[in-house]
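Q: kindly return the folded structure for what I paste below:
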Amino acid sequence: MSEPSWLNSRARAARAMSDAGLSAYQLTLSGLVQRMPFHLVVNGLTGLAMALIGHAAMGLIAFLAFTGFDAVHLVFVNRWRAAAERTPDGEGFRKIAFASLIRTTIYVAPATVLAVQGGRAELLLFAVQATTLIAVSMSCSMTSRFVFWALATPVLIAMGAVGAAAAGPGNAAGLLLIQAVLVLLLGLMMEGITRTVHVLHKAFNQNVALIPQLETARDQALAERAAADEARETARQAGRAKSNFLATMSHEIRTPMNGVLGMAQLMRRDETNPVQQARLDVLIESGDYLLSILNDILDVSKIDAGRLDIHPAPEDLKQFLQRLVGFWGPRADEKGVAIELEIAQGAPDFVLVDALRLRQVLFNLMGNALKFTDKGAVTVAVDAMPNGEGAVLLHVAVRDTGIGIAPEHLPQLFTRFTQADESEMRKFGGTGLGLSIAKQLVELMGGRIWAESVVGEGSAFQFKLPLALAQGPAEPKAGSAPAGAAAEPMDGLRMLAVDDNAVNLLVLEQLLTSFGHQVAKASSGAEALEALAGEAFDLVLLDIQMPGMTGVEVLQRLRAADGPNRHAPVVALTADVTSGGRQRYLDLGFTEHSSKPIQIQDLVEAIGRAMAAPAAKREAA
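A: Numbering: from 1, shown residues only. This next block holds a predicted model:
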């Protein structure tokens, strides 16, 4: 779309400037360019005005002269613009000034002749044209005083000549004095305008010069954003691969460990030879230690992935602590170390806490205290102080009289894969993950943990947790027993054990038959559904991770089909501890859950809870 012919020079110059950084010479040339239709209209109106006041011939001459010069001037200006980038400003302004001097002289001459010879109408026509030419001069030459005076000088001379002719010799001096004042004011105005335009022009060109840098910065930012997106996607895929790897490794390591520990526990139950019992105890203890290392690594991975959640529930704090200390009693007796529990009067009876995670923290601290203490005592001191309405700040300190920790090693205690010193790692073992996990668990629960120690005197590991008060113990869900409840002894149950691993099936069969149960086996999901469709079972033990059809899919098909076992209790057996705990499988519709490697007591308790669950609950699931 072409530009309108009436677009004034200033707007045209502004549009030209927006394309790139222009020199003052280029800017001035842009202000001189107008299309020929515009000149034809303006020149036609000027000639018509002369004709209307009685000078038709002069009007025609003026129209032809103005239009001819404008056409020639436009040709030259376009040529100068084409070569403007190679032309110095001084040389360019000289050419513009010369052309402007001729142009203004041609424009002002006809009106001057008429004003000198004519009357009031001719004087008024001259005054209007002179004023117009002065305004055009200022508009077209804001970047150059030289060009302005070249445009304005013929007009000022004509004004002096017309004034002297019209006023006579006596009044000419006064008119010339007034004209001198006009010249002075014009000079001051153009000085201010020119300076301002130069400052703005310089700033504009500096901004224009920044455009390539900004474009480069934009491209770099876009490239960095794309790289960040790619890195984020790579990290996400790596995280997913890590999670999949951990889940697979958890399953693959726990599956053979299930066979090792399961068989070892069965042999330990039946063995009467003290020597063989001692050997089996070492085997079971070593397997449990290996699993504890695996659990530490998995806990770290779950924390890093943000998949370890805190689930507060009402807990009897004193009973919780007493059970915990009681668990470590035999180990302390073996080492000849006393283990003490001190509960201050300010400690509350019931609090809202994730008992599993709190137990994990305290197990780690107490296990470390006993590991590094050969004489004296390990003391668990518990106190609390108000922490707002309905809340307390629980303070737990695990103190020992062991070997202590050197001051230079204290800052690294809670760093992963580190211990006080390498000699202790070789002597006492461990992965160096326990304290790091304890710290992260405490922080996930909103608390903080720290350590104090004196070499040769012992250490104190302390943490503070903000906890809400509870009114009483957690209400058990309808039709189910708590996860830690003891199971009633049962025998004579007809069970189906489903697992794709033959060793796991053998462990389950021998373990359960030793309790007087009858066990049928299935090595795949399809085989399990076929068996479940043919005869009724009291209970189903169902492995989760099986090729072809997972345990979750088997459960869904079992519950959806009409058959003798549609509402039979189903216990989930899983070696994958990365995808969720017991509650996740209950939410999926399983009656109970037991982890691998199989712990006899845990499995017996899970079976007892499953058999205690009413049929209504299984129907709802």
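Q: quick check: buried residues in stretch 79-91?
A: Residues of stretch 79-91 classed as buried by neighbour count (16 or more other Cβ atoms under 10 Å): 80-81, 84, 87, 89. Heads up, the C-betas are built off the backbone N, CA and C, glycines and all.
Q: rounded mean pLDDT for the lengthiest helix in the chain, please.
A: Counting residues, the longest helix in the chain under DSSP state H turns out to be helix 169-270. For helix 169-270, the mean per-residue pLDDT is 78.
Q: show me what it is packed up against.
A: Using 3 or more Cβ pairs under 8 Å, 6 or more residues apart in numbering; DSSP states H and E, the elements in contact with helix 169-270 are helix 24-32, helix 120-140, helix 145-167, helix 274-304, helix 502-513.
Q: in the last one, what's buried?
A: Within helix 502-513, the residues that count as buried by 16+ other Cβ under 10 Å are 504-509, 511-512.
Q: report the inter-axis angle for that helix versus helix 169-270.
A: 60 degrees (axes from the mean of the first three to the mean of the last three Cα atoms, to 10 degrees).
Q: against which helices or strands is helix 502-513 packed?
A: Here helix 502-513 touches helix 169-270, strand 494-498, strand 518-522, going by 3+ Cβ pairs under 8 Å, 6+ apart.
Q: next one: the second one
A: Taking 3+ Cβ pairs under 8 Å, 6+ apart as contact, the helices and strands that helix 120-140 lies on are helix 9-19, helix 24-32, helix 36-52, helix 89-117, helix 145-167, helix 169-270.
Q: try it again with 7 Å
A: Helices and strands touching helix 120-140, by 3 or more Cβ pairs under 7 Å, 6 or more residues apart in numbering; DSSP states H and E, are helix 9-19, helix 24-32, helix 89-117, helix 145-167.
Q: those helices into JSON lines, with extra columns for distance to residue 586?
A: Below are these laid out as JSON lines (distance: least, Cβ to Cβ, whole Å):
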{"stretch": "helix 9-19", "distance to residue 586": "69"}
{"stretch": "helix 24-32", "distance to residue 586": "79"}
{"stretch": "helix 89-117", "distance to residue 586": "85"}
{"stretch": "helix 145-167", "distance to residue 586": "90"}
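Q: hey, which of the ones you listed is tucked in deepest?
A: A comparison of those by mean neighbour count, using mean count of other Cβ atoms under 10 Å, puts helix 24-32 on top with a mean of 23.
Q: what's that one packed up against?
A: Identification of packing neighbours for helix 24-32 by 3+ Cβ pairs under 7 Å, 6+ apart yields helix 9-19, helix 56-82, helix 89-117, helix 120-140.
Q: can we see that at 8 Å?
A: In terms of contacts (3+ Cβ pairs under 8 Å, 6+ apart), helix 24-32 is packed against helix 9-19, helix 56-82, helix 89-117, helix 120-140, helix 169-270.
Q: quick check: end-to-end length of stretch 531-546?
A: Start to finish, the residues bounding stretch 531-546 are 17 Å apart (Cα to Cα, to the nearest Å).
Q: which of the residues in it are buried?
A: Residues of stretch 531-546 classed as buried by neighbour count (16+ other Cβ under 10 Å): 531-532, 537-546.
Q: filter the residues you listed down to the ones in helices?
A: Among these, DSSP H puts 531-532 in helices.
Q: among the buried residues of stretch 531-546, find the lowest-pLDDT one for me.
A: Among the buried residues of stretch 531-546, residue 545 carries the lowest pLDDT, at 83.
Q: what number of residues lie near residue 319?
A: Residues near residue 319, counting by other Cβ atoms under 10 Å, number 12.
Q: contacting residues around the helix or strand hosting it?
A: Residue 319 belongs to helix 317-335 when assigned by DSSP states H and E. Residues outside helix 317-335 that contact it (Cβ atoms under 8 Å, 6 or more residues apart in numbering): 338-341, 343, 347-351, 353, 355, 358-359, 362-363, 366-367, 370, 373-374, 378, 380, 382, 394.
Q: how does it look with 6 Å?
A: Residues outside helix 317-335 that contact it (Cβ atoms under 6 Å, 6 or more residues apart in numbering): 339, 341, 343, 351, 362, 366, 370.
Q: could the helices and strands packed on helix 24-32 go into TSV alongside distance to residue 311?
A: Output for the helices and strands packed on helix 24-32, formatted as TSV (distance: least, Cβ to Cβ, whole Å):
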stretch	distance to residue 311
helix 9-19	63
helix 56-82	78
helix 89-117	78
helix 120-140	78
helix 169-270	20
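Q: show me what counts as buried in stretch 186-193.
A: So, applying 16+ other Cβ under 10 Å, buried residues of stretch 186-193: 186, 190, 193.
Q: could you export it as CSV, CA atoms only?
A: In CSV, the C-alpha atoms belonging to stretch 186-193 read as follows (Å, rounded to 0.1, in the frame of the first residue of the first chain):
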residue,chain,number,x,y,z
LEU,A,186,14.3,32.3,14.7
GLY,A,187,18.0,31.7,15.3
LEU,A,188,17.5,31.0,19.0
MET,A,189,14.5,28.7,18.2
MET,A,190,16.4,26.7,15.6
GLU,A,191,19.4,26.5,18.0
GLY,A,192,17.3,24.9,20.7
ILE,A,193,15.4,22.7,18.2
